[in-house]
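> Here's a sequence, model it:
(one chain, ligands or ions: 2)
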Amino acid sequence: TGPLTIAEFANKINKPVTEIVKYFFKKGMMLNQNFILNEDQIGELALEYGYDFKKENSVTKENLLETFEVEDTPESLVERAPIVTIMGHVDHGKTTLLDALRHTNVTKGEAGGITQAIGAYQAIAPRSKKKITFIDTPGHEAFTEMRSRGANATDIIILVVAADDGVMPQTEEAIDHAKNAGVPIIVFINKMDKPDANPDRVKSELMERGIVTEEWGGDIPFIEGSARENIGLDDLLDTILLVAEVEDLKANPNKFASGVVIEAHLDKARGPVASILVQQGTLRLRDILVAGGTHGTIRDIRDDKNKAITQAGPSTPVQIVGLNEVPQPGDKFLVLNDEKIARDIAEAQAQKIARDAMQGSKIVTLDSIKSQI
Ligand code: GDP
Ligand code: MG
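Numbering: from 1, shown residues only. Ligands and ions are numbered 1, 2, ... in the order given. The predicted structure is shown next:
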């Protein structure tokens, strides 16, 4: 006995793999044929196909359960880089901070070809040498849009507050986003180089909104610095890793990749190009995947330095070529490595997206399309 995958289960009961995948899909779960079923799921399927067990295979629910193994056992999980989004009021320094962090720990030789804009990049913390993934689209809209579509692509929020300006409307908005999403906050008090910088005022204004610095007995890390003058950036990177450690961020790299589309466009020469963030599993060249209403076979994978790579594990942002059409930011993607299933699911999702567009709704969730299959 051993783990029982969807493909193995389908085989046991003489059903096409597509049927089991569709069964879960109708319940809002996008699983591929290599997904390892847990006890409940096997029980559920056993009930659903009870007739087949007895009649065709003499497999009962009981002996089928012996082969179960829980999905993502603790041993299968390994540490992954934290995924960070920077928020804050306009002009408080979000873009400057993203750029400054992008350049930390980049050697002179790498200069020039450092990064291409693929919507996210990885920085390496100078002291621990660990990676941190930054979503390169500061702005609250992108965050809410992703979340409204069921994509949770942020582990930690950096709240940037200008030391000379204090808490402003979008600062409060960012706090609300973080609270609603249950995502931990790190405060970066920026523009400390300015003569009228007043960090204590920022701290007390944030305390009134429930964001209390550790210095005053709270549990929110605060870093004071300057994005423009490169002050406090190493501290910020180290603090991100400390928070990540507490959050115990892990993923199973040994399964088909899944994650979220960050941005996408049509390139005249290369066709649809999508920037995606791998959240689970490992993405490989030649993988067949579904992303929103489209699918395709990956012909090219690039990292954030535009280097061609052959695979990408959890928390890695990459740019891919090979999708048949341009997906939308916030679309979830999933490797299925089965052309027929991929096409079926992509078509069903595309129909739903088109219908929603006609009705003026741009929110597409797996739940909302489950009735379509
Ligand atoms: P965003 O709207 O939050 O993305 O803010 P920007 O990064 O575009 O910064 C707004 C302005 O503040 C720009 O003119 C920056 O050069 C300036 N700025 C950003 N960080 C600092 C800083 O640490 N010190 C000072 N003095 N100016 C800064
Ligand atoms: Mg900006």
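
> tell me the centre residue of the chain?
Ala153 (3.5 Å; Cα atoms, centre = their mean).

> what number of residues lie near the closest residue to ligand 2 within the chain?
The minimum distance from the chain to ligand 2, using Cβ to the ion, falls at Thr95 (3.3 Å). Glycine gets a C-beta too; all of them are placed from N, C-alpha and C. The local packing of Thr95 (other Cβ atoms under 10 Å) involves 15 other residues.

> Let's verify it: helix, strand, or coil?
For Thr95, the assignment made with DSSP: H, G, I helix; E, B strand; the rest coil gives helix.

> circling back to that earlier point, you'd agree the residue nearest to the centre of the chain is in a strand?
No: with three-state DSSP as the criterion, Ala153 is assigned coil and is not in a strand.

> Disregarding residues adjacent in the polypeptide, which is nearest to it?
Leaving out its chain neighbours, the residue that sits closest to Ala153 by Cβ to Cβ, 6 or more residues apart in numbering is Val260, at 5.0 Å.

> So that neighbour sits against Ala151, correct?
Yes: with contact defined as Cβ atoms under 8 Å, Val260 counts as touching Ala151 (4.2 Å).

> Any chance you could list residues touching both of those two?
Common neighbours of Val260 and Ala151, using Cβ atoms under 8 Å, 6 or more residues apart in numbering, are 330-332.

> if we can go back for a sec, please pull up the helix or strand immediately following the helix or strand harbouring the residue nearest to Ala153.
Secondary structure from DSSP states H and E places Val260 in strand 258-267. Downstream of strand 258-267, the first helix or strand assigned by DSSP H and E is strand 271-280.

> Could you tell me the model confidence score at Thr137?
As predicted, Thr137 sits at a pLDDT of 70.

> go on, Gln122?
With respect to pLDDT, Gln122 scores 93.

> burial count for it?
Quick note: Gln122 (other Cβ under 10 Å) scores 18 neighbours.

> same check, this time on Ile298
Should you count by other Cβ under 10 Å, Ile298 turns out to have 21 residues around it.

> How about it: what's its closest non-neighbour residue?
Nearest residue to Ile298, sequence neighbours excluded (Cβ to Cβ, 6+ apart): Gly322, at 4.3 Å.

> Okay, buried residues for the helix or strand hosting Glu145 please.
Assigned by DSSP H and E, Glu145 belongs to helix 140-148. For helix 140-148, burial by neighbour count (16 or more other Cβ atoms under 10 Å) applies to 142-143, 145-147.

> Now look at that helix and say if it contacts ligand 2.
No: using Cβ under 5 Å from the ion, helix 140-148 never reaches ligand 2; the gap is at least 11.7 Å.

> can you give me how far that helix is from the chain middle?
12 Å (Cα atoms, centre = their mean, to the nearest Å).

> Which neighbouring elements make contact with that helix?
Helices and strands touching helix 140-148, as assessed by 3 or more Cβ pairs under 8 Å, 6 or more residues apart in numbering; DSSP states H and E, comprise strand 83-88, helix 169-181.

> Just put those in a markdown table and tack on distance to ligand 2, mean pLDDT and mean neighbour count.
Formatted as a markdown table, the helices and strands packed on helix 140-148 follow (distance: least, Cβ to the ion, whole Å; pLDDT from 0 to 100; neighbours: other Cβ atoms under 10 Å):
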| stretch | distance to ligand 2 | mean pLDDT | mean neighbour count |
| --- | --- | --- | --- |
| strand 83-88 | 9 | 94 | 26 |
| helix 169-181 | 11 | 93 | 17 |
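
> Please dump those into TSV; it should also carry distance to ligand 1 for every row.
Shown next, in TSV, are the helices and strands packed on helix 140-148 (distance: least, Cβ to the nearest ligand atom, whole Å):
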stretch	distance to ligand 1
strand 83-88	6
helix 169-181	9
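
> Nearest approach to Glu44 belongs to which of the ones you listed?
Glu44 sits nearest to helix 169-181 of all the helices and strands packed on helix 140-148, at 30.0 Å, using Cβ to Cβ.

> Tell me which strands the following helix or strand past that closest one pairs with, and in which orientation.
Proceeding N to C from helix 169-181, the next assigned helix or strand is strand 185-190, under DSSP H and E. Here strand 185-190 has these sheet partners by DSSP bridges: strand 156-162 (parallel), strand 222-224 (parallel).

> Let me know the pLDDT of the residue nearest to Ala100 when sequence neighbours are not counted.
Setting aside the residues directly before and after it, Ala100 is nearest to Ala227 in space (Cβ to Cβ, 6+ apart), at 4.9 Å. With respect to pLDDT, Ala227 scores 97.

> Quick one: mean pLDDT over the longest helix seen in the chain.
Criterion DSSP state H: the longest helix present in the chain is helix 339-358. Averaged over helix 339-358, pLDDT sits at 79.

> What does Leu31 show for phi and psi?
The phi and psi values for Leu31, taken as degrees, to the nearest 10, are phi -120, psi 150.

> measure the closest residue to it other than its chain neighbours to ligand 1 for me?
Closest residue in space to Leu31, ignoring its immediate chain neighbours: Phe24 at 4.9 Å, by Cβ to Cβ, 6+ apart. Per Cβ to the nearest ligand atom, to the nearest Å, Phe24 is found 41 Å from ligand 1.

> before we move on, what about Glu141?
From Glu141 to ligand 1 the distance is 14 Å (Cβ to the nearest ligand atom).

> What of Glu79?
31 Å.

> Likewise for Val243?
The gap separating Val243 from ligand 1 is 21 Å, by Cβ to the nearest ligand atom.

> residues near that residue, how many?
For Val243, the neighbour count with other Cβ under 10 Å is 19.

> shouldn't it be in contact with Asp219?
No: between Val243 and Asp219 there is no contact under Cβ under 8 Å: 10.5 Å.

> Now do the SS call for Ala7.
helix.
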